[in-house]
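Enquirer: Sequence and predicted model, in that order:
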Amino acid sequence: MRIVFMGTPDFASASLDALLKNGYEVAGVFTQPDKAKGRGMEVSFSPVKTLALEHDIPVFQPAKMRDGTALSILQSLKPDLVVVVAYGRILPDEFLAVPPLGTINVHGSLLPRYRGAAPIQWSVLNGDEKTGVTTMYLASDMDAGDIIFSEETEIGEYETSGELYDRLKVLGAELLIKTVRAIEAGCTPRTPQDHSKATYVTMLDKSLCPLDFSKPARAVSKWVYGLQPWPVATAELGGVTLKIFSALLTHHRTDLAPGSIVSAGKDGIEIACGDGETVLLTEVQAPGKKRLRAEDYLRGHKL
């Protein structure tokens with residue numbers, strides 16, 4: 001079976017690595033164009049490109065998907081199957097028609113919930129107790145294709161999006177191998193999605209950073225963990241905008257207004273929330289400074 005792989009970040013490279021370790025022939029890799037990053041604006045390769053080059057797999061980085069060039073490349077590779085994982089591009093219908101065994105995708109949610117970008121982060125931000133990964137056949141509409149397999153996992157109460165991302169990329173790679181083996185055996189299930197239950201999410205941006213303490217304590221806590229490792233939650237305390245890395249539930253009750261500082265000491269900074277309970281901020285970072293335990297930050301900053 002000849003496979004063409006399309007993906008960009010490390011979530012995708014885990015799936016590519018699984019294909020290679022399981023002996024599948026990857027005829028070519030499509031990934032996003034190289035980008036300049038950092039203060040020196042040095043050009044860096046995507047994790048998928050880096051892995052592909054290590055295995056001498058041809059890499060293609062088309063800037064456009066609809067001018068015919070990318071389609072011609074795909075056709076020339078003669079894939080039996082195309083695997084797409086976090087590629088970051090919408091594939092036109094003519095791409096989906098190329099591989100005789102179809103085009104499949106690994107998505108970081110339990111579809112039809114959380115179609116679109118950043119599904120892992122939004123599952124934490126919204127306080128979900130569980131999430132998972134789904135493999136599906138790609139269709140014309142975004143993340144709307146027939147489901148092949150799904151695998152569920154619980155979300156830890158204080159698990160960050162980054163930690164969940166690292167778990168799901170492994171789970172997704174394992175589910176991909178299960179899916180490809182089913183396709184090889186000709187026994188792949190296809191379950192149409194219930195489109196009436198579909199929800200959509202968007203990419204994160206820095207406008208989401210400020211914490212809203214008028215929300216319930218658990219929602220505030222989940223916002224802190226959902227925005228890690230980027231863009232990181234913030235709160236203005238004592239006239240300083242701090243990045244917040246930890247917000248523990250205390251189950252303490254208070255009559256103070258949401259956003260009020262209830263206490264500040266060796267345990268951390270306790271803040272009133274909208275449901276009358278409090279959260280305890282235990283790890284913070286001031287602008288231009290290193291990340292500190294709240295106790296250490298308070299030694300030089302009285303609130």
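Expert: Structure's in. What do you need? Numbers count the residues shown, from 1 in each chain.

Enquirer: Report the rounded mean pLDDT for stretch 187-205.
Expert: The average of the pLDDT scores along stretch 187-205 is 96.

Enquirer: can you check stretch 71-85 too?
Expert: On average, stretch 71-85 scores 98.

Enquirer: roughly how far is that stretch from the heart of the chain?
Expert: Centroid separation between stretch 71-85 and its chain, computed with CA atoms, centre = their mean, to the nearest Å, is 25 Å.

Enquirer: What's the end-to-end length of that stretch?
Expert: 18 Å (CA to CA, to the nearest Å).

Enquirer: What of stretch 149-167?
Expert: 17 Å.

Enquirer: Now find how far off-centre that stretch is within its chain.
Expert: Relative to its chain's centre, stretch 149-167 lies at 10 Å (CA atoms, centre = their mean).

Enquirer: Can you pull out the low-pLDDT segments for this structure?
Expert: Flagging of the chain using pLDDT under 70 yields the residue ranges 38-41.

Enquirer: longest helix of it?
Expert: When the chain is parsed with DSSP state H, its longest helix is helix 161-185.

Enquirer: Next secondary structure element downstream of it?
Expert: Proceeding N to C from helix 161-185, the next assigned helix or strand is strand 200-201, under DSSP states H and E.

Enquirer: quick one: strands adjacent to that next one?
Expert: Looking at strand 200-201 with DSSP bridges, its partner strands are strand 115-116 (parallel).

Enquirer: Not counting the strand it pairs with itself, show me its contacts.
Expert: The contact list for strand 115-116 (CB atoms under 8 Å, 6 or more residues apart in numbering) reads 107, 109, 142-144, 198-202. Quick note: C-beta positions are derived from backbone N, CA and C, even for glycine.

Enquirer: just to revisit the earlier point, and the longest helix of the chain, which residues are buried?
Expert: Using 16 or more other CB atoms under 10 Å as the test for burial, helix 161-185 gives 161, 163-165, 167-169, 171-173, 175-176, 179-180, 183.

Enquirer: any idea which of those is closest to residue 253?
Expert: Minimum distance to residue 253 across those is 29.2 Å, recorded for residue 161 (CB to CB).

Enquirer: Do you have the strands of the stretch 101-250 of the chain handy? List them.
Expert: Using DSSP state E, counting those that start in this stretch, the strands of the stretch 101-250 of the chain run over residues 103-107, 115-116, 130-137, 147-154, 200-201, 233-237, 240-253.

Enquirer: show me what contacts the nearest residue to residue 221 once chain neighbours are set aside?
Expert: Excluding the flanking residues, the one nearest residue 221 by CB to CB, 6 or more residues apart in numbering is residue 247, at 4.4 Å. By CB under 8 Å, 6+ apart, the contact list for residue 247 reads 211, 220-221, 223-225, 233, 279-282.

Enquirer: Turn those into JSON lines, including distance to residue 151 and neighbour count.
Expert: Shown next, in JSON lines, are those (distance: CB to CB, whole Å; neighbours: other CB atoms under 10 Å):
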{"residue": "211", "distance to residue 151": "32", "neighbour count": "25"}
{"residue": "220", "distance to residue 151": "30", "neighbour count": "27"}
{"residue": "221", "distance to residue 151": "26", "neighbour count": "26"}
{"residue": "223", "distance to residue 151": "26", "neighbour count": "23"}
{"residue": "224", "distance to residue 151": "27", "neighbour count": "26"}
{"residue": "225", "distance to residue 151": "22", "neighbour count": "26"}
{"residue": "233", "distance to residue 151": "29", "neighbour count": "23"}
{"residue": "279", "distance to residue 151": "32", "neighbour count": "29"}
{"residue": "280", "distance to residue 151": "34", "neighbour count": "20"}
{"residue": "281", "distance to residue 151": "34", "neighbour count": "28"}
{"residue": "282", "distance to residue 151": "33", "neighbour count": "17"}
